[in-house]
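Chemist: Give me a 3D structure for the following:
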Amino acid sequence: MRFSKSFSSSVALTLLVGNLALCHAQSTGVAAPASAPKPVLNRITGAAADASWEEEYAYSLGVTAYVHLFPWMYNALLRWRWATAGVPGMAMSSPVFTPNTLTHQRGLLDARYKDGGRPNSDTVYSGGWIDLSREPMIVQVPAFGPRYYSIELANFDADNFGYIGTRATGPQAGTYALIGPNWKGQLPRGVTAIETAQTNWVMALVRILVDGPEELETIRKLQDQISLMPLSAYLGQRSAAPSYVPQPPFNRQKDPLADWKNINRALAESPMPAREAQIAKMYAQLGIGAGLDLERMSPAVRQGLARAAKQGAMVVTSAPNYNVGRKMVNGWGMTPANWGRTAPDGDYLVRAAKSLGGFITHDPEENIYPATFIDDRGELLNDSLRYVLHFAPGAIPPAQAFWSTTLYGPDFNFVDNPINRFSIGDRSKGLKPDADGGLTIYLQKQAPGGDKDSNWLPAGGGNFHLVLRMYLPKPEALNGSWQPPAVQRVE
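Modeler: Residues are numbered from 1 along each chain as shown. Here you go, the predicted structure:
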């Protein structure tokens with residue numbers, strides 16, 4: 001496993017204590033004298049019970065486990081909320097997201113949306129939580145022609161496992177199968193299998209490019225032509241899959257182990273991938289895992305896990321603000337090569353950070369997301385100051401599909417502003433290039449005035465940050481030969 005330096009001390013302690021525990025357990029295998037009383041054994045170490053040691057071990061390993069398993073908790077909470085309350089601030093085709101169906105966003109997002117995840121204002125979304133535990137699900141898409149679209153397919157652990165769309169499968173109509181980790185069978189002719197998922201539950205997130213409100217009617221027709229159905233239904237058979245019944249999450253205010261219980265419930269539906277079996281065994285020592293009862297653990301272990309949940313939450317919620325996992329270039333945290341699939345490399349803190357800060361995130365070949373929280377002086381961006389983002393001639397973000405710069409508040413949502421402008425990019429109406437062919441974007445709370453207003457991206461929310469998206473990035477964006485410019489403070 002590999003974590004960031006800020007988290008390495010916790011991991012080192014966990015591994016150190018775990019190795020000492022193994023040695024201690026092995027040393028107790030020596031036969032005791034017949035006259036010696038039989039000791040009370042510690043279920044973790046096999047040694048004499050030690051409540052203080054158990055609590056610290058549970059705390060140390062628990063922080064590691066919390067970061068590792070954060071996406072299971074986060075996605076389970078989102079699935080429940082979207083299935084019961086929908087998504088406030090979105091005009092949707094259905095008031096709630098019913099699992100195993102696609103729900104379509106019918107208009108572009110604005111500041112009324114408050115569910116975080118740093119959404120974009122370039123595309124409309126469609127999405128669905130999908131259960132692959134019993135049989136594959138069939139996705140049928142129409143021909144999109146030159147219009148960009150993608151269907152990002154992510155495991156419940158927030159890592160991608162496949163794509164359908166302009167880049168991955170082409171602009172033509174097609175029929176595709178989403179297959180879970182345990183299914184064995186034969187697909188019918190004409191159905192193309194996508195790479196097998198690593199978890200039973202997955203998310204399909206559709207993005208379709210919109211150049212303006214006048215296109216929304218055309219987009220809605222395309223959305224309605226995307227179908228999702230079980231393989232049995234595709235074959236004209238009755239599906240035996242039961243309907244999903246949302247279960248309310250355990251309450252953090254009433255139960256200090258609530259986060260762990262939510263994680264265990266999610267793991268029962270979607271166990272950790274097979275490649276992480278040894279890690280799962282380690283967590284099971286603490287009652288963390290599918291089918292395990294945390295209330296049966298010792299008081300010391302429960303106390304350690306309660307502390308670990310608080311510390312783990314602090315680690316995860318602060319990580320996006322430090323651009324964890326990203327190489328810094330001119331104040332921007334660049335998208336690493338494994339950004340969409342971090343778990344195979346053991347980058348669990350990076351995965352947790354991107355899960356909280358972006359829900360699920362693209363593979364770099366689809367889109368890169370440089371992000372910055374600071375100006376050219378290394379100080380946090382704040383709406384009390386004025387800034388410019390200047391792209392020199394010939395250094396406009398290199399994207400084959402489109403690019404945009406989006407401004408977010410500290411809650412990872414759009415910032416409300418008087419002109420309802422949340423991003424600027426190559427399709428922004430009225431955008432004015434510089435006289436030399438470069439481009440200057442003005443970042444400030446008040447309008448800059450005059451002809452600069454066309455290039456104004458309103459700031460707000462106190463501290464704010466930027467995400468620069470490049471869909472279908474060109475090679476120079478992927479190999480680092482193109483670099484984003486620093487955000488310059490204006491006196």
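
Chemist: Give me the packing partners of the helix ranked longest in the chain, helices and strands only.
Modeler: Ranked by residue count and defined by DSSP state H, the top helix of the chain is helix 51-84. Packed against helix 51-84 by the contact rule (3 or more C-beta pairs under 8 Å, 6 or more residues apart in numbering; DSSP states H and E) you find helix 8-27, strand 123-131, strand 201-209, helix 258-269, helix 277-284, helix 299-318, helix 348-358. Where you see a C-beta, it was placed from the backbone N, CA and C, and this is true even at glycine.

Chemist: where in the chain is pLDDT low?
Modeler: For the chain, the stretches with pLDDT under 70 are 1-49, 240-241.

Chemist: rerun that using 50 as the cut-off
Modeler: Along the chain, the parts satisfying pLDDT under 50 run over 1-41.

Chemist: And D115, how far from G86?
Modeler: Using C-beta to C-beta, to the nearest Å, D115 is found at 10 Å from G86.

Chemist: Kindly report the same for T199.
Modeler: 24 Å.

Chemist: Please apply the same query to F391.
Modeler: Relative to G86, and taking C-beta to C-beta, F391 is found at 38 Å.

Chemist: Counting neighbours, which bits of stretch 180-190 end up buried?
Modeler: Buried residues in stretch 180-190, counted by 16 or more other C-beta atoms under 10 Å: 180-181, 183, 187.

Chemist: Likewise for stretch 211-223?
Modeler: Buried residues in stretch 211-223, counted by 16+ other C-beta under 10 Å: 219-220, 222-223.

Chemist: So which of the residues you listed is the closest to E55?
Modeler: Q223 (51.8 Å; C-beta to C-beta).

Chemist: who touches the nearest residue to the closest one once chain neighbours are set aside in this structure?
Modeler: Using C-beta to C-beta, 6 or more residues apart in numbering and skipping the chain neighbours, the partner closest in space to Q223 is H104 (4.3 Å). Contact analysis of H104 by C-beta atoms under 8 Å, 6 or more residues apart in numbering lists 92-93, 124-126, 220, 223-224.

Chemist: now do 10 Å
Modeler: Contact analysis of H104 by C-beta atoms under 10 Å, 6 or more residues apart in numbering lists 90-94, 124-128, 206, 208, 219-220, 222-224, 226.

Chemist: now G438
Modeler: By C-beta under 10 Å, 6+ apart, the contact list for G438 reads 390-396, 485.

Chemist: so how far is N455 from it?
Modeler: To N455, G438 is 11 Å away according to C-beta to C-beta.

Chemist: So which of T199 and G86 has more stuff around it?
Modeler: T199 (27 against 15; other C-beta atoms under 10 Å).

Chemist: Quote the end-to-end distance of stretch 435-450.
Modeler: 16 Å (C-alpha to C-alpha, to the nearest Å).

Chemist: what do you get for stretch 325-340?
Modeler: OK, stretch 325-340 end separation, C-alpha to C-alpha: 12 Å.

Chemist: go on, stretch 185-198?
Modeler: Where stretch 185-198 begins and where it ends lie 17 Å apart, using C-alpha to C-alpha.

Chemist: Over to stretch 212-220?
Modeler: In stretch 212-220, first residue to last residue: 13 Å (C-alpha to C-alpha).
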